[in-house]
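J.: Just need the structure, nothing else, for what follows:
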Amino acid sequence: MSTHLDQPPAAELAFDYDNLLKIIRRRYSVRRFRPDPLPDELIEKVLEAGRWAPSGANHQPWEFIVVKDRDLIQRLGEVFLREEISLRSGDPKFNWPQYSYVGEAPCLIVVCADPRLKRVINRPRPPENREKTFLFSIAAAVEHMQLAATSLGLGGIWLTVQELDQYELELRQLLKVPDPIRIAIFCPIGRPHAWPDINERGVHTRRPLRELVHHNTYDVSRLRSEEQIEEFVRTVTLRKGKGSWETETEASRTALAERLTGRMLRWMSWHRVPGLTPVRVEELRARARHDPRVRLVRLFADVEGGQLMCVSEAATRDEVTHWFEACGLPAAELSQLQWEGDHASIHEIALFEHATQREA
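T.: Alright, predicted model coming up:
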């Protein structure tokens, strides 16, 4: 006798792997757009796909800012152009991307995320693992939107916003993004200037399954050597050719930080401030804007818990310490952040959030 388990639900019969794979293979990073404006109904379909992405513990951290105002798009694009110039001057050998297309896109979808929702991710996990779950969830939403855009004949690309630098602060101000909301990804979308032939677009640049798949356990005999990795980097990835990885050392990273920021060091500090108020936090931000010695990159405030976390730039530890004293902040232990530690900085922020969280 037949049971309901013998046949899939009627809706499942419409699932179509072949067409899905065609969309996945057709998707590519578009950097030239036609100027045609996008109808709101198309943008809403793209956003709807993002809304249905999976997320750790279903915490759904994403929020989307849809930017169609031409003047604002151009101003946001100028921020990316200044960042590109800074990156190129700091390391001219590296194959940096070109960001001129940001200001030319007919629409920008800015993917933001609320880190307060990380509190639902399992508490026993270390903070950095919760940060990974948080970021992977955002990435899933972006990938959903990229595939949806492709299925609608649109092209797009995603740009990771480097947190804790001057350009991110400019983007936050232009978009009026409040703390603690984080800007994660910029997604310019529009109709591509031209669709490449799928067979010319580099299907050959995807590693074949036989190189990727291991059965039951990892086949250590197939672990790629450093020479094979180097060959792959130079011939397949978008950074092929010369790159700063050739001579990367701790000294070279410090020198790169100096050239990129115009300052020597970046510092992180925690402060316990009894009686902390929102007004006091804004006073500190305003004071920092007019201080020539110390640039306050970010200030995170837990008003209820009476704690501050400051990320600042200054030439010496003493300059930062004197600034805190002048502001009437209690002494704090300073940690130096490495330049390639936008990741290190994010780790520190995760620790701060972990330490100051309150159960909902």
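
J.: just for the stretch 1-150 of the chain, where's the confidence low?
T.: Where the stretch 1-150 of the chain drops to pLDDT under 70, the residues are 1-14, 89-93, 123-127.

J.: Also the stretch 201-350 of the chain?
T.: Within the stretch 201-350 of the chain, the segments meeting pLDDT under 70 span 201-204, 238-266, 289-290, 292-293, 297, 315, 331-350.

J.: Helices of that one, start to end?
T.: Along the stretch 201-350 of the chain, counting by DSSP state H, counting those that start in this stretch, helices occupy 209-212, 226-235, 250-261, 278-289, 317-326, 342-356.

J.: outside of the fourth one, which residues touch it?
T.: Same thing as helix 278-289. Helix 278-289 is touched from outside by Val273, Val294, Arg295, Leu296, Leu299, Ala301, Val303, Leu308, Ser312, Trp323, Cys327, Leu329, with contacts defined as Cβ atoms under 8 Å, 6 or more residues apart in numbering. Using the backbone N, CA and C atoms, a C-beta is placed for each residue, glycine as well.

J.: Check those for burial and list the buried ones.
T.: Taking 16 or more other Cβ atoms under 10 Å as the criterion, what is buried in the contacts of helix 278-289 is Val273, Val294, Arg295, Leu296, Leu299, Ala301, Leu308, Ser312, Trp323, Cys327, Leu329.

J.: Now flag whichever of these is closest to Asn95.
T.: When these are compared for distance to Asn95 (Cβ to Cβ), Arg295 wins out at 29.2 Å.

J.: number of nearby residues for the nearest residue to the closest one once chain neighbours are set aside?
T.: Setting aside the residues directly before and after it, Arg295 is nearest to Glu313 in space (Cβ to Cβ, 6 or more residues apart in numbering), at 4.5 Å. Using other Cβ atoms under 10 Å, Glu313 has 22 other residues around it.

J.: do the same with the one 3 residues further on
T.: The burial metric for Thr316, expressed as a neighbour count using other Cβ under 10 Å, is 12.

J.: From Leu209, how far out is the closest residue to Glu211 other than its chain neighbours?
T.: Ranked by Cβ to Cβ, 6+ apart and with sequence neighbours excluded, the top spatial neighbour of Glu211 is Arg222, at 7.6 Å. Remark: distance between Arg222 and Leu209 (Cβ to Cβ, to the nearest Å) = 13 Å.

J.: Which one of those two is surrounded by more residues?
T.: Arg222 (11 against 7).

J.: Double-check the more buried one against Val213; I have them as touching.
T.: No - counting by Cβ atoms under 8 Å, Arg222 does not reach Val213; the two are 10.0 Å apart.

J.: thinking again about what came up before, of the contacts of helix 278-289, closest to Ser55?
T.: Within the contacts of helix 278-289, the smallest distance to Ser55 is 26.1 Å, found for Ala301 (Cβ to Cβ).

J.: which residues does that closest one bridge with?
T.: Beta-bridge partners for Ala301, by DSSP bridges, are Leu308.

J.: Gln74 versus that one, what's the distance?
T.: Taken as Cβ to Cβ, the span from Ala301 to Gln74 is 33 Å.

J.: mind listing what Leu135 touches?
T.: The contact partners of Leu135, taken as Cβ under 8 Å, 6+ apart, are Ala184.
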